[in-house]
Structures are given as structure tokens and as C-alpha cells.
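J.: Got a sequence here, can you build the structure:
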Amino acid sequence: IYVRQVTPMRTSNCSQSRSHSQSGRRAWLLTMPALLLFLGIFAYCNQSNSDEAPSLTEDEMRQRSLEVFASFQEKLKGELLSAIQAGGPANAIEVCKTVSPEMEASTSADQPYKLVRISDKPRNPEHAPDEFEAEILQLWEAQQANGQQPGVVSQATDAGFRVMKPIMIEGALCLQCHGNPAEMDPAVTAKLNEMYPEDQATGYAVGDLRGAFSMTWQK
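T.: Reported below is the predicted structural model:
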């Protein structure tokens, strides 16, 4: 008698494979909404950042710098005039020592640029020029010596996009604190000696180059 041996079908591996496949699909379906939500939030944040801080052309950075310079100068002049009216020129020196650095810091806060006032004859040592600024000041002084009027300079550098605007001695008001020490109010010279023992910012005449507004845009 011939008996055929029938090998039983191996179903356990196939069933296990199908089970793993179904589990994988369920896991993917469960995680897909979270993944899509994450991608959506990421795309929205990128779009929001792009809307809030669009890249500017060099012409736009130059124009924006000039607007900031004008606003800063107007506010600082107002503070100094108020100080002079309240307590004379000597009072303005004390106000300028605190107000000017605070205004520079607040103007640059959370911005893609940094604003400073600089001079090759600084009153505040922190307002001494860097190498680029010193070169521009020398250029302007040479232009003045040749009868030319200094103008705005803008240039791309390794440090970022730079914009500088000259600060001139415009009138007698400036000379109360920046003129010939022999002709200044003794109270002013005493206050300068007290607050700025290394002061270099005197001896100017109307029309002289006093320094510059300097803006550096981040790269």
C-alpha cells in the first residue's frame, strides 16, 4: 500500500508577516497627521520669518540708514536743547553722556544693523572709529581741504554693508561744548574736565567735520 506523505502548510510565518505589515500600516496612518501638522507649522514659521525680515537691497539698506540717522539726530538734538533750557550747556554734557549711548543701544536693539556715532576726536572713547570709519573720515577731510562737501558713503565689506553720514558743526549751539576752550563757559570746561578727562572734542569751528553716523548691517 502506497501512502503519500502530505507536508502540512506552513501558515504561521505568512500570518505573522501579514500581521507585522498591517501593524506597520496602522502605525504609519497614526503618525501621518502629526507629521503633516509638523511640516505645516514649519512651513508657516519659515513664511512668517520671511515676511517679517525680507532681504533688502543695498539701495534699500542705504535709504533705511539715512532715515534712522535723521530720526536719531532729531531726537538727540531735542534732548540736548531741553537740557540746555533746563540747566545750561553744562547740564547738556551730563545728559549727553547717558542719553546718547542709551539711544544708540535702543535704536540698534532687535535690528539687523548697529548704529554708532564716531569721531577721530572723540569725547567718549567708545566713539573712536574702526579702520573702515577712520579711512572714510580721512577721505572727507581731504575733500574738505579741496573745497568739496563730504557726502554719504555706503559700501559692502567683510563686516557687512556699511553706511556713513558726516556730522558737521552746524552753528554756535555746537560750539558751546565743542568750540575753543578759551571761549567756552567755564562751567562747561569744568564739567568736561570732570566727566571726560581725556576729551578731544573741542577746538572746532562752524563748518568743520565733527564725526559721523555709522551703520553696519549684518551679513
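J.: so what are the domain limits for the chain?
T.: 19-49, 57-217 (automatic domain parsing).
J.: Could I get the pLDDT score of the closest residue to residue 208 other than its chain neighbours?
T.: With sequence-adjacent residues excluded and distances taken as Cβ to Cβ, 6 or more residues apart in numbering, residue 208 is closest to residue 169, at 4.6 Å. Just so you know, the C-beta spots here come from the backbone N, C-alpha and C atoms, and that holds for glycine as well. pLDDT recorded at residue 169 is 97.
J.: returning to that earlier point: check the domains of the chain for me: which has the lowest mean pLDDT.
T.: Note on the domains of the chain: lowest mean pLDDT is at domain 19-49, with a mean of 53.
J.: most neighbours per residue, which of the domains of the chain?
T.: domain 57-217 (a mean of 16; mean count of other Cβ atoms under 10 Å).
J.: how far is that domain from where the chain is centred?
T.: When C-alpha coordinates are averaged (Cα atoms, centre = their mean, to the nearest Å), domain 57-217 and its chain have centres 17 Å apart.
J.: And it, end to end?
T.: Using Cα to Cα, to the nearest Å, the end-to-end distance of domain 57-217 comes to 11 Å.
J.: Run through the helices of the protein in chain order.
T.: 12-52, 58-87, 89-108, 131-145, 172-178, 186-195 (DSSP state H).
J.: other SSEs contacting the shortest one?
T.: Using 3 or more Cβ pairs under 8 Å, 6 or more residues apart in numbering; DSSP states H and E as the contact criterion, the elements in contact with helix 172-178 are helix 89-108, helix 186-195.
J.: is it possible to export those helices to a markdown table including distance to residue 121?
T.: Formatted as a markdown table, the helices and strands packed on helix 172-178 follow (distance: least, Cβ to Cβ, whole Å):
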| stretch | distance to residue 121 |
| --- | --- |
| helix 89-108 | 16 |
| helix 186-195 | 13 |
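J.: so which of these comes closest to residue 83?
T.: Residue 83 lies closest to helix 89-108 among the helices and strands packed on helix 172-178, at 4.0 Å (Cβ to Cβ).
J.: Fine, thanks again, bye for now.
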